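Colleague: Show me how the following folds:
(4 chains)
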Number of protein chains: 2
Amino acid sequence: MALEPDQSAPGPAGTERGAALYRKVAADLREAITTGAFGEAGRLPAEGALAEQYGVSRGTVRQALAVLRSDGLVTSRRGTRRVVLGNARVQSFSELLSFTHWARSMGEEPGGILDSLVRRPADAAEREQLRLEPGAEVYAIVRLRTLSGAPVMVERTVYPPRVGELVAELPADVVSHTEQLREHGILFTDADHTIDVVAANAEDARLLGCRRGSPLLRERRRTTDPTGTPVEWSQDRYLPGTVAFSVHNSLATSALSRHARDSD
Amino acid sequence: MALEPDQSAPGPAGTERGAALYRKVAADLREAITTGAFGEAGRLPAEGALAEQYGVSRGTVRQALAVLRSDGLVTSRRGTRRVVLGNARVQSFSELLSFTHWARSMGEEPGGILDSLVRRPADAAEREQLRLEPGAEVYAIVRLRTLSGAPVMVERTVYPPRVGELVAELPADVVSHTEQLREHGILFTDADHTIDVVAANAEDARLLGCRRGSPLLRERRRTTDPTGTPVEWSQDRYLPGTVAFSVHNSLATSALSRHARDSD
DNA sequence: TAGTGGTCTAGACCACGCT
DNA sequence: GCGTGGTCTAGACCACTAC
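Modeller: So this is what the prediction gives:
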């Protein structure tokens, strides 16, 4: 019942992918949970038992369980075994940030029709979001995103100069800006999202083929790189019925908030 | 520079509230970060330095930092010091679940106008969400929620019998069902949220005073207790411009997903 | 190469849920 | 009272960043 014993040749052992032990344990437990090995709402083995089973320390087991906990797969409470919560639909960070990656993960064909790309002075809100000095410029891009040819979302992204220069040089038919940026060494590691409803403006209506004033689901997102520097400030507006956002949270970890009003 | 040395009398030491050491460290660091002690995008001291400073082990410091990490306050990367990310607006789990608690935290006066409360057989979707057997009954409640008297949201909550019986016995003018349930020993510890846009139906229009077909921000939520048993399945519909939801996530912890379509 | 966070271990004690 | 997860310690080694 031990972990896959790294059956690669004696070579550079552990040079595999998601190397960390606790990730392997987490992956194995996730598999067991989703295939129903512990039952619908069953109890997991004790941490000590799992540690022995996998041949690792209890600390490592706890690290693995923390992953499943934050994914909403299991509960945790002092005094009782952990309980299977549900088959949480997990999504990687990059599937969430990249429309292209997301579409492909569903087997759909993503498209991006460039509407405009300009370099211009940043306004006050943009300067604050991207942490730029007064007088700084930004690259502003408007694109219509499609799934299998059908309009789904209007994407308005503002990049700081360093990033925008890279995007501006991409061929107009490149679908995934995010992937291109990654290949140029721009990393996305943290994001703040705000979700609400807005009425379509004239441009939205023209691009999406809806009526002006009709409702759209809006996601605003500020993304930063590993050094904490903002690399993207985007506002996406979806046609109703095309997407929904879902979040899991708990007493222990609550990354979701509800806010009054709507500072634009 | 040590932690507040638990200056209570020798009595039952540590019987305070948020007792855990790492929580005190986290609270102290959060304070330092939000008051700008490390600068706008500054670097934190090394884990070892913090451990010495607080007189705790490195493991405890790491536990504290993990809290701030998941709140989106700091980054973390192998090889470099942690960086201050931003002043994340944090919200407690109960502020998120309870309209009443949320409203009061903003200094507004919450209201709840009961529209209907019925006991009836659960439909298929409700049975699945609340994990009930075929033929089971539920309590279904529709309420108009207000802030300072103004309509904000229509709340449609379905409770399993065990919980619904308690709610049904509450006086009609009780504002916070959540708080009452907590006092009856019903605990809310985990929740799954799905956020999207829908058109107002006739009932929504009547209660909210909007037109039929006008857009509403919808939050559907399934809440469970510490044993993993569903205790609530709610569908809240907000007037546009009254609220927004926000989430922080990162490569390390991603509790947010985007989904196609919209299974009702 | 020095410093940093990431991972892992082994052990200890405690608070809590149950029976 | 027993078993459980929660907290904390002390130490070790590694992978990565930055100089």
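
Colleague: residue contacts, A:Asp71?
Modeller: A:30, A:88, A:90, A:248, B:255 (C-beta atoms under 8 Å, 6 or more residues apart in numbering or on different chains). All C-beta spots, glycine's among them, are computed from the backbone N, C-alpha and C.

Colleague: one more time with 6 Å
Modeller: A:88, A:90 (C-beta atoms under 6 Å, 6 or more residues apart in numbering or on different chains).

Colleague: now swap in the one 3 residues further on and tell me
Modeller: With C-beta under 6 Å, 6+ apart as the criterion, the residues that contact A:Val74 are A:68, A:82, A:84-85.

Colleague: change it to 8 Å
Modeller: Contact analysis of A:Val74 by C-beta under 8 Å, 6+ apart lists A:33, A:44, A:65, A:68, A:82-85.

Colleague: hey, what's it bridged with?
Modeller: Beta bridges link A:Val74 to A:Val84 when assigned by DSSP bridges.

Colleague: And the helices in the stretch 151-264 of chain A?
Modeller: In the stretch 151-264 of chain A, the helices defined using DSSP state H, counting those that start in this stretch lie at A:161-168, A:177-183, A:202-208.

Colleague: Please dump those into JSON lines; it should also carry distance to chain B for every row.
Modeller: JSON lines is the format used below for the helices of the stretch 151-264 of chain A (distance: least, C-beta to the nearest C-beta, whole Å):
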{"stretch": "helix A:161-168", "distance to chain B": "15"}
{"stretch": "helix A:177-183", "distance to chain B": "12"}
{"stretch": "helix A:202-208", "distance to chain B": "13"}
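
Colleague: any idea how far B:Ala64 is from the spatially closest residue to A:Thr60 that is not a sequence neighbour?
Modeller: In space, and not counting its chain neighbours, A:Thr60 is closest to A:Tyr22: 5.0 Å by C-beta to C-beta, 6 or more residues apart in numbering or on different chains. A:Tyr22 sits 20 Å away from B:Ala64, going by C-beta to C-beta, to the nearest Å.

Colleague: Neighbour count for these two, which is higher?
Modeller: Here A:Tyr22 and B:Ala64 are set side by side on neighbour count (other C-beta atoms under 10 Å in any protein chain shown), and the busier one is B:Ala64, at 25 against 19.

Colleague: And the more buried one, which helix or strand is it part of?
Modeller: Using DSSP states H and E, B:Ala64 falls within helix B:58-70.

Colleague: Quick one: list the elements packing against that helix.
Modeller: Of the remaining helices and strands, those touching helix B:58-70 by 3 or more C-beta pairs under 8 Å, 6 or more residues apart in numbering or on different chains; DSSP states H and E are helix B:21-34, helix B:47-54.

Colleague: quick one on the thing from earlier: any idea which of the contacts of A:Val74 is closest to DNA strand C?
Modeller: Comparing these against DNA strand C with C-beta to the nearest atom of the strand places A:Val83 closest, at 10.0 Å.

Colleague: related to what we said a few turns ago, Throw the contacts of A:Val74 into TSV and include pLDDT and neighbour count, thanks.
Modeller: As requested, the contacts of A:Val74 are exported to TSV (pLDDT from 0 to 100; neighbours: other C-beta atoms under 10 Å in any protein chain shown):
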residue	pLDDT	neighbour count
A:Ile33	95	22
A:Leu44	97	22
A:Leu65	97	21
A:Leu68	95	24
A:Arg82	97	23
A:Val83	95	20
A:Val84	95	22
A:Leu85	92	23
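
Colleague: Tell me the one of those nearest chain B?
Modeller: Set against chain B, the nearest of the contacts of A:Val74 by C-beta to the nearest C-beta is A:Val83 (4.0 Å).

Colleague: Contacts only, for that closest one.
Modeller: Counting by C-beta under 8 Å, 6+ apart, A:Val83 has contacts A:41-44, A:74-75, B:227-228.

Colleague: could you measure it against A:Thr75, distance?
Modeller: From A:Val83 across to A:Thr75, the span is 5 Å (C-beta to C-beta).

Colleague: Give me the common contacts of the two.
Modeller: Joint contacts of A:Val83 and A:Thr75 (C-beta under 8 Å, 6+ apart) are B:227-228.

Colleague: helices or strands up against whichever strand or helix holds A:Gly112?
Modeller: Following DSSP H and E, one finds A:Gly112 within strand A:110-121. Using 3+ C-beta pairs under 8 Å, 6+ apart, the elements in contact with strand A:110-121 are helix A:99-105, strand A:137-147, helix A:161-168.

Colleague: now the shortest one: mean pLDDT?
Modeller: The one in question is helix A:99-105. Mean pLDDT, helix A:99-105: 93.

Colleague: Can you tell me what sits against that helix?
Modeller: Identification of contacts with helix A:99-105 by C-beta under 8 Å, 6+ apart yields A:91, A:94-96, A:109-110, A:112, A:145, A:147, A:153, A:155, A:175-176, A:178-179, A:236, B:258.
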